[in-house]
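[1] Take a look and give me a structure for this.
(2 chains)
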2 protein chains.
Amino acid sequence: MSSEAASAVAGHNDPVIQELRAWLGDRLSTSAAVREQHGQAESYHPSVPPDAVAFVESTDEVVEIVKLCARHRCPVIPFGTGTSLEGHVAALKGGISVDLSRMNEVLEVNSDDLDCRVQAGVTHKQLNDYLRDTGLFFPIDPGADASLGGMTATRASGTNAVRYGTMREVVLGLTVVLADGRLVSTGGRARKSSAGYDLTRLLVGSEGTLGIITEVQLRLFGIPEAISAAVCSFPTLEGAVNSVILTIQMGIPVARIELLDEIQMDAINRYSDLDYPVQPTLFFEFHGSTHGVEEHAETVGGICAELGGGDFRWATQQEDRNKLWQARHDAYYACLALRPGARGGATDVCVPISRLAECLLETRRDVDAAGLLAPIVGHVGDGNFHLVFVLDPEDKEGWTQAEAVNKRMVERALAMGGTCTGEHGIGYGKIKYLNAEHGEAVAIMRQLKSALDPDNIMNPGKIVEP
Amino acid sequence: MSSEAASAVAGHNDPVIQELRAWLGDRLSTSAAVREQHGQAESYHPSVPPDAVAFVESTDEVVEIVKLCARHRCPVIPFGTGTSLEGHVAALKGGISVDLSRMNEVLEVNSDDLDCRVQAGVTHKQLNDYLRDTGLFFPIDPGADASLGGMTATRASGTNAVRYGTMREVVLGLTVVLADGRLVSTGGRARKSSAGYDLTRLLVGSEGTLGIITEVQLRLFGIPEAISAAVCSFPTLEGAVNSVILTIQMGIPVARIELLDEIQMDAINRYSDLDYPVQPTLFFEFHGSTHGVEEHAETVGGICAELGGGDFRWATQQEDRNKLWQARHDAYYACLALRPGARGGATDVCVPISRLAECLLETRRDVDAAGLLAPIVGHVGDGNFHLVFVLDPEDKEGWTQAEAVNKRMVERALAMGGTCTGEHGIGYGKIKYLNAEHGEAVAIMRQLKSALDPDNIMNPGKIVEP
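    Take a look at the predicted model:
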């Protein structure tokens, strides 16, 4: 839907906006720039601005806003840091964007229990800064410094998932405002529970379509005794991928194992001022005891050498490791910098590890045949990889080609028993692939959505179409 | 409800039984003994027999049975190995017990991807026997040799959960027959996915109230290079529990860390012909590389010594380890053997690890003050522990006392931020505690139940009351 079409619906929501303005004052914005940004995020899908943006400061305010919107059947779209990629925040049916970025307080850290509670707007970097000196850390690290509420809502993961899991595994409980304004707590602080339906995990990955997450209870982890990172270049993509597969199949507990193809390496060398060889490259990190880390690194080094990899280039000092991983996290922005003025079209799939080489190499060939600029980077220990199409926003033919390559990549992943998205989510950009992946199960998702949000006001048009 | 009351309802289901008998022949049983057993399992709650038991052999048969029952609004209760503990299989409103134990085929093992697919009736020991010689194993191991379908339905865990997670973490996907007979596949083989609502985890722990699980896709793990088990006795329960807490807080990756109190140790010495000291005892197992296992064992040994523990008694040979863990798994049966003719009333709670000592010691004092025989045993690395009341089935006052101790233990756990059940589930025995734990969230559970099973035919009366 174009932003004009969305605006045409807007008049319906005027009473809501008036009431909100009277109440929130300048914490309600209807400025074009603010609305435009809140309807887009970092998605390559066109912005579909909401009618207004409410900057909330408490769970109670979210409750009142949702109640008001429910009375007027006005859509409500939660917004964290605006770093989602599949049009998650587009106001397809107009409505109010609820910006939670000011709810950014770390509410409690229970060091003894390795858990914490945060407001939804706290980002993962902010949490880790807060945890400095506690000996604990939070491992889930998508490239962008996303909010933990948004990461929960999109079931985010990142580079540590192969060892520590994704948001699915680390969220212990939630505070959520439902479509009728009811406030619900799910889960708890116990490490495991068999007490009733797992509402927490139903909400993790629900992308704001079932409720607005305002607080998150999270697992934390002890910083390991020893950490060691290494970079290894390969003459071929195949050698790099096969090294990953063998490492995983041998059950070696790597904490991170990331693949960057030669185009991506060129991009990060330029963007982050590094001098790595412009070759397919693996970034590793090992966590454990001093001896354990040495043993694992030695075994993986042996695997890589066997499959054509060069020497490991080590980063044992925290400063060096930070530089290495910051470069990896900036991969997306490095891609964009390859072509000034370009926009990035990021997409991801995830396949069983035995099919990873095949899926990745076929995708690489497809990208090249289409003559597109699209580096590949991946959390390959999980079988998850990303393509970033780097294109001029006005290059219509290029975007059409990119969409075709994306479609073929998704179909390839599904045919291999994989998923249409490993960590970006569905938003509205991948709704068309959800049916292909889940078939009849999508009808069940729709039933659940109708049961919890009968008037379809919670981020309508995402994940399931009504 | 008494079994008489359930029988009174039975007449309604006669047309279903007649149709099933014509179709299934002697795979439909209405014998009193079979019905009695299928209405009880290992639960201490009284048997509430179903009207008939259907021994199914395929997913298609389950579909047809559910469709037939749906037409007649006849309850359907899935049954695996009958080892559930909270009245999960009681036919509170009559109906058909669907026994899946003959659906016991391992459908595929993908060694390269560390996953497999099994029919719901395969047990965890059967799967591990099947995996022998593949270098892989399946870690979730409740005491009983339960079916993987039942373990999924109750969100089971066991001794390895502290390292490998529970059924929540290891189930990748499911084949499920819903209340209207629709067949749905959830999840997939990718290690992670952000594609839509997590129906898999909504069904894990749903205890047959949302659908009947007929196939399960599971993660597998490589058998570690080195495994070492050890037993350590303590003069006090407190010393043992505090050793666990410190081990977990230090982030030492133990694979198993189990507590048995002195009464339980006495019971397993007798039952399994062992000669451990009759003292509070920890059972450990370490998995990893040879050096890693040595390092971790040394660190934990230091912690235990500091807190009053004796020397580690090692079991490095597989045969010795098997004997040790079999004794641990037989703890429940060992309890029963303490008092011939007795019945066991097993219950469990789980609390944040920092509250474990307090919760456990208060519970121990409460049991002793009530003059009950009730050994304590626990997966204490997760903060989870069990009480088994060992009582004569006719000892009414004893059972009343036991229920009161159980109630106080649950209230104690909830007050400490814990859960009313770590791994046994709700069934109908703990429905009264679910509200106390989850409050308004129970209303959401009820809405989901109504959405997917509007006529309330799937294992009615469990988890949520209509």
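[2] in what helix or strand does residue A:284 lie?
    With elements delineated by DSSP states H and E, residue A:284 resides in strand A:281-288, which encompasses its position.
[3] Which of the residues in that strand are classified as buried?
    A:281, A:282, A:283, A:284, A:285, A:286, A:287, A:288 (16 or more other C-beta atoms under 10 Å in any protein chain shown). Yep, even glycine has a C-beta here, placed from its N, CA and C like the rest.
[4] Same list, those, but only the ones touching chain B.
    The residues of the buried residues of strand A:281-288 that also fall near chain B, by C-beta under 8 Å from any C-beta of the partner chain, are residue A:288.
[5] Greatest separation within the buried residues of strand A:281-288: which pair is it?
    The span of the buried residues of strand A:281-288, defined through C-beta to C-beta, is set by A:281 and A:288 at 23.1 Å.
[6] which outside residues touch the lengthiest helix in chain A?
    Ordering each helix of chain A by length in residues (DSSP state H) puts helix A:396-415 first. With C-beta atoms under 8 Å, 6 or more residues apart in numbering or on different chains as the test, helix A:396-415 has contacts from A:44, A:345, A:347, A:349-351, A:359, A:362-363, A:366-367, A:370-372, A:374, A:387, A:389, A:391-392, A:419-420, A:430, A:433, A:436-437, B:190.
[7] Which segments of chain A make up each domain?
    Domains of chain A are assigned by automatic domain parsing as A:3-102, A:106-222, A:226-332, A:335-431, A:432-456.
[8] Mind putting those into JSON lines with distance to residue B:380?
    Below are the domains of chain A laid out as JSON lines (distance: least, C-beta to C-beta, whole Å):
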{"stretch": "domain A:3-102", "distance to residue B:380": "34"}
{"stretch": "domain A:106-222", "distance to residue B:380": "11"}
{"stretch": "domain A:226-332", "distance to residue B:380": "23"}
{"stretch": "domain A:335-431", "distance to residue B:380": "31"}
{"stretch": "domain A:432-456", "distance to residue B:380": "36"}
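[9] just these: most buried one?
    Ranked by mean neighbour count, the domains of chain A are led by domain A:106-222 with a mean of 23 (mean count of other C-beta atoms under 10 Å in any protein chain shown).
[10] Now do the end-to-end distance for that domain.
    18 Å (C-alpha to C-alpha, to the nearest Å).
[11] Low-confidence regions, chain A specifically.
    A:1-10, A:466 (pLDDT under 70).
[12] What residues does the stretch 251-400 of chain A have near chain B?
    Counting by C-beta under 8 Å from any C-beta, the stretch 251-400 of chain A comes close to chain B at A:251, A:253, A:288-289, A:291-292, A:295-296, A:350-354, A:382-384.
[13] now, which of the residues you listed lie within strands?
    A:288, A:350, A:384 (DSSP state E).
[14] Can you tell me, leaving aside adjacent residues, what's nearest to the residue nearest in space to the middle of chain A?
    In chain A, the residue lying closest to the centroid (C-alpha atoms, centre = their mean) is residue A:156, at 3.9 Å. Computed as C-beta to C-beta, 6 or more residues apart in numbering or on different chains, the closest residue to residue A:156 that is not its neighbour in sequence is residue A:142, at 4.7 Å.
[15] The one you found in helix, strand or coil?
    coil (DSSP: H, G, I helix; E, B strand; the rest coil).
[16] Nearest to chain B among the ones in strands among the residues of the stretch 251-400 of chain A next to chain B?
    residue A:350 (4.2 Å; C-beta to the nearest C-beta).
[17] And the strands in the stretch 151-300 of chain A?
    A:171-178, A:183-187, A:211-219, A:221-222, A:226-233, A:254-260, A:281-288 (DSSP state E, counting those that start in this stretch).
[18] So which elements touch the second one?
    Taking 3 or more C-beta pairs under 8 Å, 6 or more residues apart in numbering or on different chains; DSSP states H and E as the contact definition, the neighbouring helices and strands of strand A:183-187 are strand A:171-178, helix A:199-203, helix B:440-452.
[19] ok so, going back, list the contacts for the residue nearest to residue A:156?
    A:83, A:124, A:151, A:156, A:157, A:158, A:423.
[20] From residue B:152, how far out is residue A:275?
    51 Å (C-beta to C-beta, to the nearest Å).
[21] whoops, residue A:203 was the one
    On the measure of C-beta to C-beta, residue A:203 and residue B:152 end up 20 Å apart.
[22] Now do stretch A:76-96: distance to the chain's middle.
    When distances are taken as C-alpha atoms, centre = their mean, to the nearest Å, stretch A:76-96 is centred 14 Å away from the chain's centroid.
[23] Using PDB, list the CA coordinates for it.
    Output in PDB follows, covering the C-alpha atoms of stretch A:76-96 (Å, rounded to 0.1, in the frame of the first residue of the first chain):
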ATOM      1  CA  VAL A  76      -1.200   0.200  17.100                       C
ATOM      2  CA  ILE A  77       2.300  -0.400  15.900                       C
ATOM      3  CA  PRO A  78       5.200  -0.900  18.400                       C
ATOM      4  CA  PHE A  79       8.500   0.700  17.500                       C
ATOM      5  CA  GLY A  80      11.900   0.100  19.200                       C
ATOM      6  CA  THR A  81      15.000   1.400  17.500                       C
ATOM      7  CA  GLY A  82      13.700   1.100  14.000                       C
ATOM      8  CA  THR A  83      16.200  -1.500  12.800                       C
ATOM      9  CA  SER A  84      13.800  -4.200  11.600                       C
ATOM     10  CA  LEU A  85      14.200  -5.200   7.900                       C
ATOM     11  CA  GLU A  86      11.000  -6.700   6.500                       C
ATOM     12  CA  GLY A  87       8.600  -3.700   6.900                       C
ATOM     13  CA  HIS A  88       7.600  -4.600  10.400                       C
ATOM     14  CA  VAL A  89       6.800  -1.000  11.400                       C
ATOM     15  CA  ALA A  90       4.900   0.000   8.200                       C
ATOM     16  CA  ALA A  91       1.500   1.400   9.100                       C
ATOM     17  CA  LEU A  92      -0.300  -0.500   6.400                       C
ATOM     18  CA  LYS A  93      -3.600   0.500   7.800                       C
ATOM     19  CA  GLY A  94      -2.600   3.800   9.400                       C
ATOM     20  CA  GLY A  95      -2.700   4.100  13.200                       C
ATOM     21  CA  ILE A  96      -0.400   5.100  16.100                       C
END
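[24] so does it get close to chain B?
    No - Stretch A:76-96 lies out of reach of chain B by C-beta under 8 Å from any C-beta, never closer than 9.0 Å.
[25] go on, stretch A:453-460?
    No - Stretch A:453-460 lies apart from chain B when judged by C-beta under 8 Å from any C-beta; the minimum separation is 10.1 Å.
[26] Dump that stretch to PDB, keeping only the CA atoms.
    Listed in PDB are the C-alpha atoms of stretch A:453-460, where the atom choice follows Å, rounded to 0.1, in the frame of the first residue of the first chain:
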ATOM      1  CA  ASP A 453      -6.900  -9.500  18.600                       C
ATOM      2  CA  PRO A 454     -10.400  -9.900  17.000                       C
ATOM      3  CA  ASP A 455     -10.500  -6.400  15.700                       C
ATOM      4  CA  ASN A 456      -7.000  -6.700  14.100                       C
ATOM      5  CA  ILE A 457      -5.600  -3.600  15.600                       C
ATOM      6  CA  MET A 458      -2.200  -4.900  16.700                       C
ATOM      7  CA  ASN A 459       0.300  -4.200  13.900                       C
ATOM      8  CA  PRO A 460      -2.100  -5.300  11.200                       C
END
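[27] now it: how far from the chain's centre is it?
    23 Å.
[28] So what touches it?
    A:69-70, A:73-78, A:88, A:92-93, A:95, A:178-179, A:207-212, A:449-450, A:466.
[29] related to what we said a few turns ago, for chain B, state which of the buried residues of strand A:281-288 is nearest.
    Among the buried residues of strand A:281-288, and counting by C-beta to the nearest C-beta, the member closest to chain B is residue A:288, at 6.9 Å.
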